[in-house]
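[1] need the 3D shape of this:
(one chain, ligands or ions: 2)
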Amino acid sequence: FLLPCHECDLVSAVSPGKDGQWLQCPRCQHPLMRPAQNDQLTPALAFTALLLLTLSLLFPYLGFEKNGIERAMTVTDAAYELAIYHHPALAVIVIATIIVIPALYLLSVCWIHMSLASPGPLPGSLFLARWLPRMQPWMMADVFAIAALVSLVKIIAMAHIQLLSAFWTFSGFALILLITVTRMNTIGLWQRLLGDLQQPAQAQAGDTAQRQGLIGCQWCGQLQPLGQSHRCHHCHSFLHERHPFNLQRVWALLVTAILCCFPAHLFP
Ligand SMILES: [Zn+2]
Ligand SMILES: [Zn+2]
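    Ligands and ions are numbered 1, 2, ... in the order given. So this is what the prediction gives:
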């Protein structure tokens, strides 16, 4: 079947390869999709990560002792301390990115796989499949785990630090969450949910979709006539052509990031 590349728009003919093997765009090598497979490992990983997250919330994360005073901190204390010190917005962001959004993501993965395994689709599974890739950039459990390690190095000279049980379960949760995310591929998932893609009559491999008067859906890979609808007729996600002033925006953001990088590293 024909699949457009989201990065360079080249339409290429792909044939399902071996299970678990990524198919790449022949021009820019962007990974296009992984063929649909009867995947039982992904929901098992998602369930394990959920279990480890639950354990991390029940037990203490870090213990420290200074001048004879001992204290244990939980994962949620990190946000609680921020809220006390007048940063409620930061506290909400921390809780959302390390607990709430990852938990919703993992629950969605379990629900969608239960739906795939049951005779008919379960309610809400298509809605959740649309939201899965949008949740991905907001999950930062791994960032939190690494940031905690970096801050430990700084305070280890000032107090006696102990890594408690939730430290290990949270690190395991962050790692298994990462593995679950890398195993998800939206185009393969949509094929399992909605069946094979339809091929427009004028579509050909070897040229860009735009030059053929077509547009490819970035989520499910469906090719469809350009400018006919704002939503994909296969998965009902929003379609978009090239973003206006794309290169100018990237340059502006890049220069701003470089400017911010210096004070961020030089000042306390
Ligand atoms: Zn490409
Ligand atoms: Zn679509």
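[2] residues in contact with stretch 229-248: which ones?
    Here stretch 229-248 makes contact (CB atoms under 8 Å, 6 or more residues apart in numbering) with 126, 129-130, 190, 194, 197-198, 210, 215, 217-220, 222, 224, 226, 249. The way it works is simple: take the backbone N, C-alpha and C, and place the C-beta from them, glycine included.
[3] for the stretch 151-268 of the chain, what spans make up the helices?
    Along the stretch 151-268 of the chain, the stretches classed as helices by DSSP state H, counting those that start in this stretch are 165-183, 186-194, 246-266.
[4] again, but for the stretch 1-150 of the chain
    Counting by DSSP H, counting those that start in this stretch, the helices of the stretch 1-150 of the chain are 41-58, 75-84, 88-95, 101-117, 125-135, 141-155.
[5] any idea how far Gly63 is from the nearest residue to Ser171 once chain neighbours are set aside?
    Excluding the flanking residues, the one nearest Ser171 by CB to CB, 6 or more residues apart in numbering is Ala145, at 5.3 Å. Noted for Ala145: a distance of 17 Å to Gly63, by CB to CB, to the nearest Å.
[6] same check on Trp111?
    36 Å.
[7] again, but for Thr208
    58 Å.
[8] not counting its neighbours along the chain, what's nearest the most centrally placed residue in the chain?
    Centroid-nearest residue in the chain: Gln136, 2.0 Å away (criterion: CA atoms, centre = their mean). Ranked by CB to CB, 6+ apart and with sequence neighbours excluded, the top spatial neighbour of Gln136 is Val181, at 6.0 Å.
[9] the one you found and Glu65, how far apart?
    Val181 is 37 Å from Glu65, where distance means CB to CB.
[10] ok, the two, which is more surrounded?
    Val181 (22 against 13; other CB atoms under 10 Å).
[11] I'd say that one and Trp138 touch.
    No. Judged on CB atoms under 8 Å, Val181 makes no contact with Trp138 at a distance of 11.7 Å.
[12] show me what contacts Ala49?
    Counting by CB under 8 Å, 6+ apart, Ala49 makes contact with Pro102, Leu106, Phe173, Ile176, Leu177, Thr180.
[13] filter those by proximity to ligand 2?
    Cross-checking the contacts of Ala49 against ligand 2 (CB under 5 Å from the ion) gives no overlapping residues.
[14] select only the buried ones of the contacts of stretch 229-248 in ChimeraX?
    A single ChimeraX command selects the buried members of those (16 or more other CB atoms under 10 Å):
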select :126,129,130,190,197,215,217,218,219,220,222,224
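[15] tell me the pLDDT of whichever residue of the stretch 151-268 of the chain sits closest to ligand 1.
    Residue nearest to ligand 1 within the stretch 151-268 of the chain (CB to the ion): Thr208, separated by 9.3 Å. We have a pLDDT of 92 for Thr208.
[16] pretty sure it contacts Val11?
    Yes. Between Thr208 and Val11 there is a contact at 6.9 Å, judged by CB under 8 Å.
[17] quick check: neighbours shared by those two?
    Counting by CB under 8 Å, 6+ apart, the residues touching both Thr208 and Val11 are Pro4.
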